[in-house]
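**Student:** compute the structure for the input listed below.
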Amino acid sequence: MADSAYKPDWTLLLLSSLILFGPYYTYDLPGLLTESADAPLSLPRGVLYALYSLPNIITPAPLGRMLDAYNPERVAIALAALTVAGQGLCTLETRTGWKRMAVGRVLLGVGGEGLGVAQSHITTSHTPATHLSLFLSLNLSLARLGTVSTDLLTPTLPHSTANIVAFLTCVISLLCTMGIYTRASAQRGATSNERNIGMKELLQTMSKEFWFLCLAMCCLYATITGFATIHTPFLTERYFREKPTTAAQQTYLPDTLSTVLTPVFGYLLSCASASATARFRPMITPHQLLLATTILFTGSHALLTTTSSHALLYTSLFLLGVGYAGLVSLWTLIAHHADNSGCIGSVFGLTTTLMNATLSLTPLALAAMSSFSVSYTTIEFGFTLLGAAALIFAVLSLPKGKLKSSDPYLAVDREEVEVELDRMVDREEWKSIRLDTVASFAS
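**Tutor:** Alright, predicted model coming up:
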């Protein structure tokens, strides 16, 4: 999207951010519900997470192509309706209603992950490159309020009440998608103008750096999903004996930090230098943030593996929160590849498919480990190794194998800059701009 005289549509941004509030709230319900003899879970936690993620190994890729071919706002409404139906089934679940719960989690997964692809498509389509990093970060930051809310509320609520609250959050998401359709219809035609190529051609056009980036992100998402699955029993066993509710609530710290820091990282990453009126260049590049994020994940899980100190526990959770924010902000790199390919929905769908393969396999792997009585400390050590693997893939994803300040994502269109500089001369605005900054734009 062109950025000439661009004025952010904050209403559209807010609505786009809130469409994921419901899916983010409902995703971690199985890991936070406190199981007891009076309120047993219908299915094991690992199975409930897998039911959410497993179908999405396949569905996001065709959904992405659908978003490229048809009106993405209408597709988003249909996906939000699926989340409402899915959580509705979970809300009606009884002790013997495991089938209903299973179907509900599948619908939640398909609708929720599809909404994530739709949100990225809508935001990327309505936002110029100079603002995209910031807006994607704001989107995901506001959406993560759903995760923070469920961290704090769900462990204190009975199962039935927790599911009703989750159902209402999905209804809010549906209403927001309807608001987006109403607002965006005036700015967008009935169909998308994106390219709609075959999956084989798309796979061939993506660079090896893109695939290494995906592998690094898969490793990091595996640690997130794994820790979300085991954090309650692990923290109860190691730090909060006989206090499972307290243990379950501890993830509020990384979730809150990531919510607060994600827009900060988005602002730092924002390609403001592409606008000649900007007074600064980005302080960090996306690839630098990728390296820092992998180091934070590796260090935090290494601390959780080796210590039982409460002080170091909160240090680890703090590092995880900063790492979570960094990881969420890295979707900017995916957006860059998507925008360059001309198939925004298809690339986001493909990437989401890879992430969901990770989200599906991780709980199943943890369930298999539990059946062999593998300790939680050993599992945490495995998360440390995943962080180290992510660091290796991050290095391989760097442009030409080197970390450069001239990140390709931050490339400036020289012609656009010169046109804007000419306009500034006409408006006699040179006096308000530092000469060294202007020189850096023109070089």
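
**Student:** alpha carbons only for contacts and neighbour counts from here, please
**Tutor:** Fine.

**Student:** can you list contacts of stretch 247-259?
**Tutor:** With contacts defined as CA atoms under 8 Å, 6 or more residues apart in numbering, stretch 247-259 is touched by 32, 140-142, 144-145, 147-148, 151-152, 155, 231-233, 235-236, 239-240, 317-326.

**Student:** swap the cut-off to 6 Å and go again
**Tutor:** 32, 141, 144, 148, 151-152, 232, 235-236, 317-318, 320-322, 324-325 (CA atoms under 6 Å, 6 or more residues apart in numbering).

**Student:** tell me which of these is nearest to S300?
**Tutor:** Comparing the contacts of stretch 247-259 against S300 with CA to CA places L320 closest, at 6.0 Å.

**Student:** who's in contact with the closest one?
**Tutor:** By CA under 6 Å, 6+ apart, the neighbours of L320 are P254.

**Student:** rerun at 7 Å
**Tutor:** By CA atoms under 7 Å, 6 or more residues apart in numbering, the residues touching L320 are P254, L296, F297, S300.

**Student:** where's the residue minimising distance to the centre of the chain relative to R100, distance?
**Tutor:** In the chain, the residue lying closest to the centroid (CA atoms, centre = their mean) is V328, at 4.7 Å. Distance of V328 to R100, given as CA to CA, to the nearest Å: 32 Å.

**Student:** same check on G111?
**Tutor:** Computed as CA to CA, the G111 to R100 distance reads 16 Å.

**Student:** who has more neighbours, these two?
**Tutor:** Neighbours per residue, other CA atoms under 10 Å: of G111 and R100, the larger number sits with G111, 27 against 18.

**Student:** excluding sequence neighbours, find me the nearest residue to that one.
**Tutor:** Distances taken as CA to CA, 6 or more residues apart in numbering place L79 nearest to G111, at 4.4 Å, with adjacent residues excluded.

**Student:** shaky segments in the chain?
**Tutor:** Applying pLDDT under 70 to the chain flags residues 1-8, 31, 33-43, 93-97, 129-130, 185-199, 271-283, 339-342, 400-443.

**Student:** related to what we said a few turns ago, tell me the contacts of the residue nearest to G111?
**Tutor:** Per CA under 7 Å, 6+ apart, neighbours of L79: G111, G114, L115.

**Student:** repeat for A50
**Tutor:** S360, P363, L364.

**Student:** from these, which land in helices?
**Tutor:** S360, P363, L364 (DSSP state H).

**Student:** make CSV from those and add distance to H159 to it.
**Tutor:** Converted to CSV, the ones in helices among the contacts of A50 look like this (distance: CA to CA, whole Å):
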residue, distance to H159
S360, 24
P363, 22
L364, 24
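
**Student:** of these, closest to G226?
**Tutor:** Looking across the ones in helices among the contacts of A50 and measuring by CA to CA, the closest to G226 is P363, at 6.4 Å.

**Student:** any idea how far D28 is from the residue lying closest to that closest one once chain neighbours are set aside?
**Tutor:** Sequence neighbours aside, G46 is the residue nearest to P363 in space, at 4.8 Å (criterion: CA to CA, 6+ apart). Using CA to CA, G46 is found at 11 Å from D28.

**Student:** need the CA coordinates for the helix or strand that contains L333. PDB is fine.
**Tutor:** Assigned by DSSP states H and E, L333 falls within helix 331-341. Below are the C-alpha coordinates for helix 331-341, written out as PDB (Å, rounded to 0.1, in the frame of the first residue of the first chain):
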ATOM      1  CA  TRP A 331       6.000 -11.500  12.100                       C
ATOM      2  CA  THR A 332       7.100  -8.300  10.500                       C
ATOM      3  CA  LEU A 333       9.700 -10.300   8.600                       C
ATOM      4  CA  ILE A 334       7.000 -12.700   7.400                       C
ATOM      5  CA  ALA A 335       4.900  -9.700   6.300                       C
ATOM      6  CA  HIS A 336       7.900  -8.400   4.300                       C
ATOM      7  CA  HIS A 337       8.200 -11.800   2.400                       C
ATOM      8  CA  ALA A 338       4.500 -11.800   1.900                       C
ATOM      9  CA  ASP A 339       4.300  -8.300   0.500                       C
ATOM     10  CA  ASN A 340       7.200  -9.000  -1.900                       C
ATOM     11  CA  SER A 341       5.600 -12.200  -3.100                       C
END
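
**Student:** buried ones in it, by neighbour count?
**Tutor:** For helix 331-341, burial by neighbour count (16 or more other CA atoms under 10 Å) applies to W331, T332, L333, I334, A335, H336, H337, A338, D339, S341.

**Student:** report the angle between the longest helix seen in the chain and helix 331-341.
**Tutor:** For the chain, the longest helix by residue count, based on DSSP H, is helix 208-238. Using axes from the mean of the first three to the mean of the last three CA atoms, to 10 degrees, the inter-axis angle of helix 208-238 relative to helix 331-341 is 160 degrees.

**Student:** any idea how far L359 is from the nearest residue to I58 once chain neighbours are set aside?
**Tutor:** Spatially, and ignoring its direct neighbours in sequence, I58 is nearest to T353 (6.2 Å; CA to CA, 6+ apart). For T353, the distance to L359 (CA to CA) stands at 10 Å.
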